[in-house]
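Participant: after the sequence you'll find the predicted model.
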Amino acid sequence: MNDFLSTPLAYLKGIGPAKAELLQKELSLFTFHDLLFHFPYRHIDRSKVYKIRELQADMPYIQVKGVLSNLRTLGTKGTERLVAELRDETGMIELVWFQGHKWIKDSLKSNQVYLAFGKPNAFNNQINIVHPNLDDPEDAANKKYLHIMPLYHCTERMKARGIDAKAIMKWINTLLLDPRLQMAETLSQEIMDDHKLLGRMQAIQQVHFPSNLAVLAQANYRLKFEEFFYIQLKLLRYKVKRHQLFNGIKLAQIGEQFNSFFHEHLPFELTNAQKRVLKEIRLDVKAGFQMNRLVQGDVGSGKTVVALMSMLMTLDNGYQACMMAPTEILANQHFITISSLVKDMAVRVKLLTGSTSAKEKRLIYAALEAGEIDILVGTHALIESKVNFKNLGMAIVDEQHRFGVEQRARLWQKNSKPPHVLVMTATPIPRTLAMTLYGDLDTSIIDELPAGRKPIQTILRYDSSRLAIYGFLKNEISKGRQIYMVYPLIEESEKMDYKNLVEGYEGLCKEFPEPKYQVGIVHGRMKAHEKDFEMQRFIRGETNILVATTVIEVGVNVPNASVMVIESAQKFGLSQLHQLRGRVGRGAEQSYCILMSDFKQSAEAKQRLKTMVETNDGFKIAEADLKLRGPGQLEGTAQSGVLDLKIADLAKDTEILAQARNTAQALLDKDPELKSPENAPILNYQRIYQKTAKWGRIY
Ligand code: ADP
Ligand code: MG
């Protein structure tokens, strides 16, 4: 970065030390460079003046020109508002202010022509504009940059101190007009030509003050491309380096354990997808470099057995393996599943979690170092410093995107030679997110469910159908099926939710009376052994209905349960709903998911429920979730820092991301060290970027 760009903001005309400090605190803007990269969140097209007759309620921000009249205050204290009329030759609209009336009233003059900006609303079958911005048309015409006007984020504290979007706009304009401003190009000519990209300097100018909407789109494209490109370049360079630097543990042979499991103990035929993924893993681990692979697969696609067979490959070569899960319930479940799958084989499996007794822990630590444990299953307890393997060959991380990059890294450090790492996501994640969060990993996808599964039927019902639903449940129970009934337990309203759960349970017991029916209950406030007792009763088929909170979200596997009823389904997130639904449909019977909701739903909740009814495909659900909530909200992504994007949007800019990644890959294929002269701008910027980007890396 050159000196001008790194000048502190206090030195910009109109800012000064006090405002600079505020900009720093509120928006993390320190230098001229930072301010230029504080992009508008939206633009208002002021290049067109609409006629009043053309206005419609669904229009975005627009402007109209007219004569102001009939300025008056209406309502009583509390409902007070300022109202005026604006008239052109085609009609009249009302302008309304609920705040700041006094000041506004004093500053406006009747019978004068104004340009009014704002968003048209429908009110009593008429169009009005609430809180319009009024300008003198002469003034506006003189300010050329107002034609397509940028809008900038500012905080309440800034506004209180007189810094608003207009002030920011002015400062940026001042900077852009400064003759000392220079900005080095960061992409090669070849990439710019290939993708028809604007130059960097031009893109920065146009993204703030576009000459027209078409150039604005080009400027956005250029800057988004660049942002994605450098993230991808960084991730892909790690991948290249890792292959070059690390001699992985070579797992050359398929031996006794793998073969005997495959031929004698595997209780089902593997799906083609499972076979393909195992092959991909096998190719990695025998190649001599260190594997880092992400396995994605929908709920129920059979990731566990793929994990187990990969671990058996490891054992066959004289190494140990471990599998880490995000919760104790899940670790337990894996331990039980794996132990039972290998029960007739000479494989020593142990479980290590927070609940493991101190004495047992000591025994495990010793046995692990002596090489007397082959597979260790557990939670975060696995990455404590006391845990030392004799020779760890493979670490499997079952993620549910809950482990941070650093935690994954701790597993790698457990050996002089890093073990192979297999990351498995419990629910699918959208492609763009995978490319960003796991962009340095190779990816495998299990895109096929085991044969014979009938797709789960999902329906949405309201309270008015409750009796009919109970009738349906009784019918299912008479056929020998079991039922889950899940209540939300959301932290903020925990008391209320708990009350609902207990009331629901009591109501259900009346509706399904003993001795004909047995209803069980599990929730987070019960002791571990009580939960376990109830779960075991359900697993053994002694209870017909299990009332539960989301403690059963992951890991529970009762194939005879064929109905999942989710109460207040509008309160759940999409991936949670999908996980819950995944608890049924595990046996041969037709399964159902019934979403109970009340009529009062937010637009977003409505969309979530609709998505659930429309599709069983976890990948589609993940995409919808990303679009609805935005990447920052997705579980486990916020702390990763990877999503600190300034302009690009992982939910919307899928195509640009794919192009940027392909471009970065092609570049590294041709010039892995970025040594050629035409790639000098990239190498230079990459160095700066590497230093400033916030997130650390796995190794
Ligand atoms: P997930 O991918 O959600 O972790 P699991 O590994 O728990 O899925 O597998 C779900 C269920 O499907 C388990 O009961 C498992 O035994 C079974 N399963 C896995 N693979 C197959 C297969 N190829 N054929 C039949 N059943 C399978
Ligand atoms: Mg699983």
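Facilitator: It's in. Numbering: from 1, shown residues only. Ligands and ions are numbered 1, 2, ... in the order given.

Participant: only C-alpha atoms from now on, for both contacts and neighbour counts.
Facilitator: Will do.

Participant: what does this structure put close to ligand 1?
Facilitator: Counting by Cα under 6 Å from any ligand atom, the residues of the chain close to ligand 1 are 268-271, 297-305, 450.

Participant: chain center to the strand ranked longest in the chain, what's the gap?
Facilitator: Criterion DSSP state E: the longest strand present in the chain is strand 62-74. Mean C-alpha position of strand 62-74 versus that of the full chain (Cα atoms, centre = their mean, to the nearest Å) differs by 44 Å.

Participant: average pLDDT across it?
Facilitator: Mean per-residue pLDDT for strand 62-74: 91.

Participant: with stretch 481-500 instead?
Facilitator: Here the average pLDDT along stretch 481-500 is 79.

Participant: which outside residues touch it?
Facilitator: Contacts with stretch 481-500, where a contact means Cα atoms under 8 Å, 6 or more residues apart in numbering, come from 473, 476-477, 501, 541, 543-550, 560-569, 571-572.

Participant: so what are the domain limits for this protein?
Facilitator: Using automatic domain parsing, the domain parsing of the chain gives 42-151, 256-285+302-425, 457-615.

Participant: want to try TSV for those domains, with distance to residue 684 and mean neighbour count as columns?
Facilitator: Shown next, in TSV, are the domains of the chain (distance: least, Cα to Cα, whole Å; neighbours: other Cα atoms under 10 Å):
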stretch	distance to residue 684	mean neighbour count
domain 42-151	31	16
domain 256-285+302-425	26	19
domain 457-615	41	18
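
Participant: lowest-confidence stretch among the ones you listed?
Facilitator: Across the domains of the chain, the lowest-scoring stretch is domain 42-151, with a mean of 85.

Participant: ranges for the helices of the stretch 51-200 of the chain?
Facilitator: 101-107, 137-142, 156-160, 165-177, 189-194, 200-208 (DSSP state H, counting those that start in this stretch).

Participant: can I get the residues of the chain next to ligand 1 in a markdown table including secondary structure?
Facilitator: Output for the residues of the chain next to ligand 1, formatted as a markdown table (DSSP: H, G, I helix; E, B strand; the rest coil):
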| residue | secondary structure |
| --- | --- |
| 268 | coil |
| 269 | coil |
| 270 | coil |
| 271 | coil |
| 297 | strand |
| 298 | coil |
| 299 | coil |
| 300 | coil |
| 301 | coil |
| 302 | coil |
| 303 | helix |
| 304 | helix |
| 305 | helix |
| 450 | coil |
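
Participant: looking at those, which is nearest residue 63?
Facilitator: Using Cα to Cα, residue 298 comes nearest to residue 63 of the residues of the chain next to ligand 1, at 48.8 Å.

Participant: next up, the contacts around that closest one.
Facilitator: 426-428, 446-447, 617-619.

Participant: picking up where we left off before, who's in contact with the longest strand of the chain?
Facilitator: 44-46, 48-52, 80-88, 105, 109-120, 137.

Participant: can you flag which of those belong to strands?
Facilitator: 44-45, 81-88, 113-118, 120.

Participant: quick one: residue 376 is in a helix?
Facilitator: No. Under three-state DSSP, residue 376 falls outside any helix and is assigned strand.

Participant: wait, what's in contact with it?
Facilitator: 321-323, 349-352.

Participant: which residues does it bridge with?
Facilitator: Counting by DSSP bridges, residue 376 forms beta bridges with residue 322, residue 350.

Participant: how much space between it and residue 150?
Facilitator: According to Cα to Cα, to the nearest Å, residue 376 stands 56 Å off from residue 150.

Participant: now do residue 309
Facilitator: Taken as Cα to Cα, the span from residue 309 to residue 150 is 56 Å.

Participant: cool, residue 560 as well?
Facilitator: 59 Å.

Participant: swap in residue 178?
Facilitator: 19 Å.

Participant: next one: residue 394
Facilitator: For residue 394, the distance to residue 150 equals 52 Å [Cα to Cα].
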